[in-house]
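> attaching a predicted model along with its sequence, questions to come.
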Amino acid sequence: MQRELSIEIPAEVVERERESIIGKYQKLARIPGFRRGKVPATVVKQRFSEDINSEVIEALVPRYFREESEKQNLYPVSQPRVTDLHLHDGQPLKFKASFEVMPDVQIEGYLEIRGEKPEVSVTDEEVEQALNNLREQHASYAAVEEDRGIHDGDYAQVSFKGTPTEGGEPVEVPEVLVEIGGTNTVKEFSDNLRGAKVGEERSFDVTYPEDFPDKRLAGKTTHYDSKVIGIKTKSVPELNDEFAKELGAEFNTTNDLRDRIRAGMLAEKEHQAEHEAKDKLIESLVSKFDFPVPEALVAQQIDIRLERGLRALAMQGMRAEDLRKMDLSRLREGQREAAQREVKASLLLDKIADAEKIEVSDEELEHEIAGIARQTNQTPDEVRGRLTKEGAVDRIRNRIRNEKALEFLYRRPA
């Protein structure tokens, strides 16, 4: 919600501030013909008039804006936009300040919203598939010593250089294992290696389908220059008690391993189901209550989302020059809808936390800081110091408080 204040600062206050600033200039100013600290006030006022006025405004406008907004119980969520500013000798300083304030968020009926609690289960087939995946992860590879060509079921140890035929930077891979005829391999690539011997070089083109998972290759043709370094066969361990024991001292039998896998898969499914149910609960909450969302908070949330996304791209290997070429205005607009939803949900959960007297203890905050420290390989003191310097401690406390409010809504009995 937009508000505007018309503020007048008494002339005597303005003059007092002006004289104080002039005194500071008299001590520091270097003007030819005058010793430092001995420059007359009239000369200072004439020489530095604009600078003095600027400092008067910088000193008084924020202070009086803050006092007036507090007096009227207005709490800005954006920096004020100052207009109609009038500053003249011997007169009051007058200005207008427009800004956004928190909307009046009403939450009557929030207890009517219920979170779904779906039943989840793990089938025997899912457990067996997980066991097979585990066996695959512990497979071993042995070099083929005989002089023969590669055939289906083999793993070709190859190096290659891939060059997009439509232009683009070539990609060189010094070594990779390619399953020949396997379902998890690009068929066109492995087909071109079939029959090759160690040391043999082959060149070929691969045209990727439009629905290829890697969007950088989908629908495009790449020319490959490859060389076979070696041929290997894969051996998958048998599923028996010995295999289970090799995975950990806590497993004596394959049934122990099955039980652990089932429990882990069930916990993961329950976590995912709860996450999805809470997302739906937030959607219901956001849909039920309508109020204007402060643009300043939306812009701030867009910044957070954008920074998080760009950091993820950088960690995935995107080059700095490519990041700089991105259309940030288009990216910001693309984040707007989600940011508005997140801000609205946060304001609603904050109100619910007020209504239910939900608070965050110092122990809970310290636990969160310790978790951040583990993730970033820092000490809790280092993390706490950084967060304090960035002014982010209260933001983290508010996030935990909102999470507790959401948990309260989700756990309420039907």
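Sure, I can see it. Residues are numbered from 1 along each chain as shown.

> contacts for the helix or strand in which R395 is found, please.
Per DSSP states H and E, R395 falls inside helix 393-411. With contacts defined as CB atoms under 8 Å, 6 or more residues apart in numbering, helix 393-411 is touched by 110, 113, 115, 117, 274, 277-278, 281-282, 285, 345-346, 349-350, 352-353, 356, 358-360, 364-365, 368-369, 384, 387. Heads up, the C-betas are built off the backbone N, CA and C, glycines and all.

> if any of the residues you listed are buried, put those into a PyMOL selection.
Under the burial definition 16 or more other CB atoms under 10 Å, those of the contacts of helix 393-411 that qualify are selected in PyMOL by:
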select buried, resi 110+113+115+274+277+278+281+282+285+345+346+349+350+352+353+358+360+365+368+369+384+387
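
> picking that back up, so how far is the helix holding R395 off the chain centroid?
How far helix 393-411 lies from its chain's middle: 18 Å, per CA atoms, centre = their mean, to the nearest Å.

> what does stretch 167-184 give?
Taking the mean of its C-alpha atoms, stretch 167-184 sits 31 Å from the chain's own mean (CA atoms, centre = their mean).

> mind listing the helices for the chain?
11-28, 41-47, 49-71, 124-137, 187-191, 241-247, 254-288, 295-315, 320-324, 328-355, 362-376, 380-390, 393-411 (DSSP state H).

> for G168, find the nearest of the ones you listed.
Smallest distance to G168 across the helices of the chain (CB to CB): 12.5 Å, for helix 320-324.

> quick one: buried residues of that closest one?
Neighbour-count burial for helix 320-324 flags no residue at all (criterion: 16+ other CB under 10 Å).

> how far off centre is that helix?
Worked out by CA atoms, centre = their mean, helix 320-324 lies 18 Å from the chain centre.

> report the buried residues of the helix holding R395.
Neighbour-count burial for helix 393-411, counted by 16+ other CB under 10 Å, picks out V393, R397, I400, R401, N402, E403, K404, A405, L406, L409, Y410.

> distance of the third one relative to L406?
Remark: distance between I400 and L406 (CB to CB, to the nearest Å) = 11 Å.

> next one: the first one
Per CB to CB, V393 is found 21 Å from L406.

> identify the residues contacting the closest residue to A314 other than its chain neighbours.
Nearest residue to A314, sequence neighbours excluded (CB to CB, 6 or more residues apart in numbering): L323, at 6.6 Å. Residues counted as contacts of L323 (CB under 8 Å, 6+ apart) are L310, L313, A314.

> wait, isn't V105 in contact with V286?
No: using CB atoms under 8 Å as the test, V105 is too far from V286 to be in contact (11.7 Å).

> break the protein into its domains for me.
According to automatic domain parsing, the chain comprises the domains 2-100, 105-139+249-291, 140-235, 293-411.

> of those domains, which is nearest D241?
Ranking those by proximity to D241 (CB to CB) places domain 105-139+249-291 first, at 5.0 Å.

> next, the distance between the ends of the closest one.
This stretch, domain 105-139+249-291, spans 7 Å end to end (CA to CA, to the nearest Å).

> what's the answer for stretch 315-323, then?
Terminal residues of stretch 315-323 are spaced 12 Å apart (CA to CA).

> how far does that stretch sit from the chain's center?
Here the centre of mass of C-alpha atoms in stretch 315-323, compared against the chain's by CA atoms, centre = their mean, lies 16 Å away.

> which pLDDT value belongs to G37?
If you check G37, the pLDDT there is 65.

> could you dump the helix holding R395 to PDB, C-alpha only?
These are the backbone C-alpha positions of helix 393-411, laid out as PDB (Å, rounded to 0.1, in the frame of the first residue of the first chain):
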ATOM      1  CA  VAL A 393      19.900 -13.100  11.300                       C
ATOM      2  CA  ASP A 394      16.400 -11.700  11.600                       C
ATOM      3  CA  ARG A 395      15.500 -12.900   8.100                       C
ATOM      4  CA  ILE A 396      16.600 -16.500   9.100                       C
ATOM      5  CA  ARG A 397      14.600 -16.300  12.300                       C
ATOM      6  CA  ASN A 398      11.500 -15.100  10.400                       C
ATOM      7  CA  ARG A 399      11.900 -18.000   7.900                       C
ATOM      8  CA  ILE A 400      12.100 -20.500  10.700                       C
ATOM      9  CA  ARG A 401       9.100 -18.900  12.400                       C
ATOM     10  CA  ASN A 402       7.100 -19.200   9.100                       C
ATOM     11  CA  GLU A 403       8.100 -22.800   8.700                       C
ATOM     12  CA  LYS A 404       6.800 -23.500  12.200                       C
ATOM     13  CA  ALA A 405       3.500 -21.800  11.400                       C
ATOM     14  CA  LEU A 406       3.200 -24.000   8.200                       C
ATOM     15  CA  GLU A 407       4.000 -27.000  10.300                       C
ATOM     16  CA  PHE A 408       1.300 -26.100  12.800                       C
ATOM     17  CA  LEU A 409      -1.300 -25.800  10.000                       C
ATOM     18  CA  TYR A 410      -0.100 -29.100   8.400                       C
ATOM     19  CA  ARG A 411      -0.100 -31.100  11.700                       C
END
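
> so where's the chain shaky on pLDDT?
33, 35-38, 414 (pLDDT under 70).

> which of the residues in the lengthiest strand in it are buried?
Criterion DSSP state E: the longest strand present in the chain is strand 221-235. By neighbour count on 16+ other CB under 10 Å, the buried set for strand 221-235 is T222, Y224, S226, V228, I229, G230, I231, K232.
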